[in-house]
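Asks: One predicted model, sequence on top.
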Amino acid sequence: MDDAVERANAVSRALLFTPGVSRLPDLDPRATPEMSDKVDAAAHLIEVDERLSALQERLWAEGVGGGRRRIVLLLQGMDTSGKDGVIRSVAGALNPQGVSVTSFKAPSAEELRHDFLWRIDRAVARPGYLGVFNRSQYEDVLIVRVHGLVPESEWATRYQRINDFESRLSDDGVVWVKVMLHISPEAQKERLLARLDDPTKYWKFNPADLAERALWTDYAAAYDELLQRCSTDAAPWYVVPSDHKWYRNWAVSHLVLGALEAMAPQYPVADFNVAQQRRLVEAAP
């Protein structure tokens with residue numbers, strides 16, 4: 001096992017959320033497990049990006065050859081936690097043809113006519129793809145819970161339904177990389193002010209974010225419960241400290257690398273006579 005794989009495995013172990021052992025309030029959003037130097041992290045990412053690109057090509061080829069496997073990188077976090085930044089960082093190293101990104105906003109009228117998992121199921125990456133969810137099915141036990149959009153008797157049933165949904169897709173070849181981007185209220189405040197200090201970032205600021213910020217304690221409790229109830233063997237959760245943007249991007253890239261290395265996607269074997277086809281190509285005018 002080479003250094004990059006060992007490092008990816010160490011990051012996965014350090015950031016894995018273990019129900020009954022881990023507690024979100026105990027996790028420091030300023031921490032940088034397995035990497036303390038920003039310059040070293042940038043150097044590592046060069047190697048990681050090269051490996052991600054090579055492994056993604058193999059996964060894509062495997063899918064073209066009829067394989068069912070795919071990855072879903074699921075990102076959750078409070079406003080300004082860096083979901084868009086992570087997507088740019090990870091997806092920037094990959095062939096865009098093999099990447100699908102879905103941002104889940106407030107559900108449309110059509111989506112509301114269906115079960116809450118309907119729109120999620122429709123967006124799951126096709127075989128061979130690396131799919132990214134910017135928010136996800138977990139909004140239905142986060143914002144729905146915090147704002148009381150449905151009765152507790154309804155949202156409380158959704159944890160097990162989500163687990164069953166993820167397990168079913170895992171059996172069909174989906175590898176889940178579920179990441180909570182964990183930031184502090186202090187870091188969020190700094191990032192909101194930075195948006196107001198820069199006219200080119202006004203478009204990122206939403207006054208409604210302040211109303212959500214006022215519910216920080218409620219969201220923290222909702223996040224802790226979903227982590228406790230929905231980090232499973234089939235679809236574990238990872239909590240990535242995200243006060244430092246450089247660490248956040250470094251860590252998530254290593255989580256995806258670790259997942260791809262464990263999958264070890266393979267190029268499909270030829271379903272034709274290679275020697276015969278070579279002779280035909282050589283003989284062609």
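Replies: All right, it came through fine.

Asks: Run through the helices of the stretch 1-150 of the chain in chain order.
Replies: Here the stretch 1-150 of the chain has its helices, by DSSP state H, counting those that start in this stretch, at 3-15, 38-64, 83-91, 109-112, 118-123, 143-146.

Asks: out of those, deepest packed?
Replies: helix 83-91 (a mean of 19; mean count of other CB atoms under 10 Å). To be clear about C-beta, it is placed using only N, CA and C from the backbone, and glycine gets the same treatment.

Asks: Could you list every helix and strand that that one packs against?
Replies: Counting contacts by 3 or more CB pairs under 8 Å, 6 or more residues apart in numbering; DSSP states H and E, helix 83-91 packs against strand 70-77, strand 99-103, strand 130-134, strand 174-182, helix 245-263.

Asks: Let me know which of those is the nearest to residue 90.
Replies: Residue 90 lies closest to helix 245-263 among the helices and strands packed on helix 83-91, at 5.7 Å (CB to CB).

Asks: Give the next helix or strand downstream of the closest one.
Replies: Using DSSP states H and E, the next helix or strand after helix 245-263 towards the C-terminus is helix 274-283.

Asks: List every C-alpha atom in that next one, with coordinates, as PDB.
Replies: Taking Å, rounded to 0.1, in the frame of the first residue of the first chain, the C-alpha atoms of helix 274-283 are listed here in PDB:
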ATOM      1  CA  VAL A 274      -8.200  -8.300 -30.400                       C
ATOM      2  CA  ALA A 275      -5.700  -9.900 -32.800                       C
ATOM      3  CA  GLN A 276      -8.200 -10.300 -35.600                       C
ATOM      4  CA  GLN A 277      -9.300  -6.600 -35.200                       C
ATOM      5  CA  ARG A 278      -5.700  -5.500 -35.200                       C
ATOM      6  CA  ARG A 279      -5.100  -7.300 -38.500                       C
ATOM      7  CA  LEU A 280      -8.200  -5.700 -40.000                       C
ATOM      8  CA  VAL A 281      -7.100  -2.200 -38.900                       C
ATOM      9  CA  GLU A 282      -3.600  -2.800 -40.300                       C
ATOM     10  CA  ALA A 283      -5.000  -4.000 -43.600                       C
END
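
Asks: still on that earlier bit, export the helices and strands packed on helix 83-91 to a markdown table and tack on distance to residue 203 and mean pLDDT?
Replies: Shown next, in a markdown table, are these (distance: least, CB to CB, whole Å; pLDDT from 0 to 100):
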| stretch | distance to residue 203 | mean pLDDT |
| --- | --- | --- |
| strand 70-77 | 20 | 98 |
| strand 99-103 | 15 | 97 |
| strand 130-134 | 17 | 97 |
| strand 174-182 | 21 | 98 |
| helix 245-263 | 19 | 97 |
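
Asks: In TSV, list these along with distance to residue 90 and mean neighbour count.
Replies: Below are the helices and strands packed on helix 83-91 laid out as TSV (distance: least, CB to CB, whole Å; neighbours: other CB atoms under 10 Å):
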stretch	distance to residue 90	mean neighbour count
strand 70-77	7	24
strand 99-103	9	17
strand 130-134	7	23
strand 174-182	10	24
helix 245-263	6	22
